[in-house]
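Participant: only geometry, no sequence info:
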């Protein structure tokens, strides 16, 4: 390579100048003369390939200016073309290597970035598959603060809510199964309890009995019973166990059996209830007792003996008369409370065509709309409207309840009627 400076002569023309090169002093090649003059004249850089004594060369010219902007000299550089080509190749090779390195780095960075994005997404996809298969014990452990981390946190919150919803669903399902099981057992209990009650009622040409019990729940604590006694006498019982539902039903199951045994062995209604009271006290259950009324009918004479243990009074409708009478006898204590229930026997002589009606307090409450004072006025009105020979008093009572009382009812309801068609007459004493 050679560097040279060609100053302008005083007359304004360039002069020949020896240049110092790699091989000593050489005079300018003639081919450069015109280019140097152009550079002086135009004042712009330029290049010129030419044939030198040592082969093809390339010269680069650049004008040098004084402070006033006038071209005062030309700076030149002269290179062999082979050296320039070699340098260009080296630079191209360096550029290509740099480019390839940059591409490789970009590929690696892209792979790492793509992996950083796809790996969490694969984790989300795998966890979603686990959830779809029913496994809700999954959690994505990504702690980054970018969108992927936010997605993972949202996913974990979703899984947690799904797990809670699944637990709640299982709990409700279990409760439903238990409820259905309980309903089935209560249904069986209701069938068993109904089997304790008479399905047919005693009747003859001299008398007719009727009864119905409707529990407030599936099972209840009200009951009625008919007992065949010696000398063709008929015992008619109605009772109300304290409380309602399962506890009352369990208490009632044994009570009915004990009552039937006591009624057959006793010689009077009072004696039967006192014997039953003793049995209840032996297996005393806290807070459990029963109110009862127990009349015994002589179908031939129409004579009735009855005893009441804290139960509602008996209603009497005389034949051909709507003046409903309330019979005394409610001074006794409920059974299962005291060893001395203060029971007495009372006697009643029925006239032919007379009807007795016995009910539990649930009937009175239903007729009164489950509120207000307990009175027998509405029951007496219903009792009065039904007359022989179609003496369906019990049906009429429950039809009136159906028409004017809103279900569900708060208490069990039971009604029993007894009509006597004999020829003897008498009064209560």
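Facilitator: Ah, there it is. Note that the structure is predicted; figures quoted are calculated from it, not measured. Numbering: from 1, shown residues only.

Participant: tell me how many other residues crowd the residue nearest to residue 396 when sequence neighbours are not counted.
Facilitator: Distances taken as CB to CB, 6 or more residues apart in numbering place residue 386 nearest to residue 396, at 4.6 Å, with adjacent residues excluded. In this view, the C-beta of every residue, glycine as well, is placed from N, C-alpha and C. Around residue 386 there are 18 other residues, counting by other CB atoms under 10 Å.

Participant: what of residue 358?
Facilitator: Count around residue 358 with other CB under 10 Å applied: 27.

Participant: cool, and residue 4?
Facilitator: 20.

Participant: do the same with the one 4 residues further on
Facilitator: One way to gauge burial is a neighbour count; for residue 8, by other CB under 10 Å, it gives 16.

Participant: what residue, apart from its backbone neighbours, is nearest it spatially?
Facilitator: Nearest residue to residue 8 in three dimensions, chain neighbours excluded: residue 72, at 5.7 Å (CB to CB, 6+ apart).

Participant: residue 213 and residue 395, how far apart?
Facilitator: Separation of residue 213 from residue 395 (CB to CB, to the nearest Å): 14 Å.

Participant: show me which of those two is the more surrounded one.
Facilitator: Set residue 213 next to residue 395 and count neighbours by other CB under 10 Å: residue 213 wins out with 20 against 15.

Participant: now do the helix or strand where the more buried one lies, average pLDDT.
Facilitator: In this structure, residue 213 sits in strand 207-214 according to DSSP states H and E. Summarised as a single mean, pLDDT over strand 207-214 is 92.

Participant: same question for stretch 338-351.
Facilitator: For stretch 338-351, mean pLDDT is 93.

Participant: what about residue 89, neighbour count?
Facilitator: For residue 89, the neighbour count with other CB under 10 Å is 10.

Participant: how far away is it from residue 77?
Facilitator: From residue 89 across to residue 77, the span is 19 Å (CB to CB).

Participant: which one is residue 385 nearest to, not counting chain neighbours?
Facilitator: Spatial nearest neighbour of residue 385, chain neighbours left out: residue 396 (6.8 Å); criterion: CB to CB, 6+ apart.

Participant: ok, residue 341 next?
Facilitator: residue 333 (4.3 Å).

Participant: if I read this right, that neighbour contacts residue 339, doesn't it?
Facilitator: No. Counting by CB atoms under 8 Å, residue 333 does not reach residue 339; the two are 10.2 Å apart.

Participant: which one's more surrounded, the two?
Facilitator: More crowded of residue 333 and residue 339, by other CB under 10 Å: residue 333, with 16 against 8.

Participant: next one: phi and psi at the more buried one?
Facilitator: The phi and psi values for residue 333, taken as degrees, to the nearest 10, are phi -90, psi 150.

Participant: do residue 297 as well
Facilitator: phi -100, psi 130.

Participant: please apply the same query to residue 138.
Facilitator: Residue torsions, per degrees, to the nearest 10, at residue 138 are phi -120, psi 150.

Participant: one step back: contact partners for the residue nearest to residue 341?
Facilitator: Each residue near residue 333 by CB atoms under 8 Å, 6 or more residues apart in numbering is listed here: 309, 310, 341, 342, 343.

Participant: 10 Å - rerun?
Facilitator: Shown in contact with residue 333 (CB atoms under 10 Å, 6 or more residues apart in numbering): 277, 289, 291, 309, 310, 340, 341, 342, 343.

Participant: what's the answer for residue 290, then?
Facilitator: Contacts of residue 290 by CB under 10 Å, 6+ apart are 221-223, 239-242, 248, 251-252, 255, 259, 273, 276-277, 280, 309-311, 334-337.

Participant: could I get the phi/psi values of residue 237?
Facilitator: phi -120, psi 150.

Participant: same question, residue 68
Facilitator: phi -90, psi 0.

Participant: model confidence for it, exactly?
Facilitator: Here, the pLDDT recorded for residue 68 equals 87.

Participant: over to residue 425?
Facilitator: Note for residue 425: predicted pLDDT of 40.

Participant: can you check residue 320 too?
Facilitator: pLDDT at residue 320 comes out at 79.

Participant: and the residue nearest to residue 8, how far from residue 384?
Facilitator: Taking CB to CB, one finds residue 72 at 147 Å from residue 384.

Participant: same thing with residue 280?
Facilitator: Here residue 280 is placed at a distance of 36 Å from residue 384 (CB to CB).

Participant: pLDDT weak spots in the stretch 151-300 of the chain?
Facilitator: Residues of the stretch 151-300 of the chain that meet the criterion pLDDT under 70 lie in 184-196, 244.

Participant: what about the stretch 1-150 of the chain, any weak spots by pLDDT?
Facilitator: Residue ranges of the stretch 1-150 of the chain with pLDDT under 70: 1, 10-31, 114-121, 136, 142-143.

Participant: which residue ranges form the strands in it?
Facilitator: Here the stretch 1-150 of the chain has its strands, by DSSP state E, counting those that start in this stretch, at 2-7, 19-21, 24-26, 46-52, 55-65, 71-80.

Participant: now the last one and strand 55-65, what's the angle there?
Facilitator: Between strand 71-80 and strand 55-65, the angle comes out at 160 degrees (axes from the mean of the first three to the mean of the last three CA atoms, to 10 degrees).

Participant: may I have the strands that pair with strand 71-80, each with its orientation?
Facilitator: Next to strand 71-80 in the sheet, as set by DSSP bridges, lie strand 2-7 (antiparallel), strand 55-65 (antiparallel).

Participant: report the buried residues of the last one.
Facilitator: This means strand 55-65. Judged by neighbour count (16 or more other CB atoms under 10 Å), strand 55-65 contains these buried residues: 57, 58, 59, 61, 63, 64.

Participant: now swap in the shortest one and tell me
Facilitator: The neighbour-count check on strand 2-7 (16+ other CB under 10 Å) flags 2, 4, 6 as buried.

Participant: what about the closest residue to the last one other than its chain neighbours, distance to residue 5?
Facilitator: To tie it back to what came earlier, the one meant is residue 6. Closest residue to residue 6 apart from its sequence neighbours, by CB to CB, 6+ apart: residue 74 at 4.7 Å. Taking CB to CB as the measure, residue 74 falls 7 Å from residue 5.
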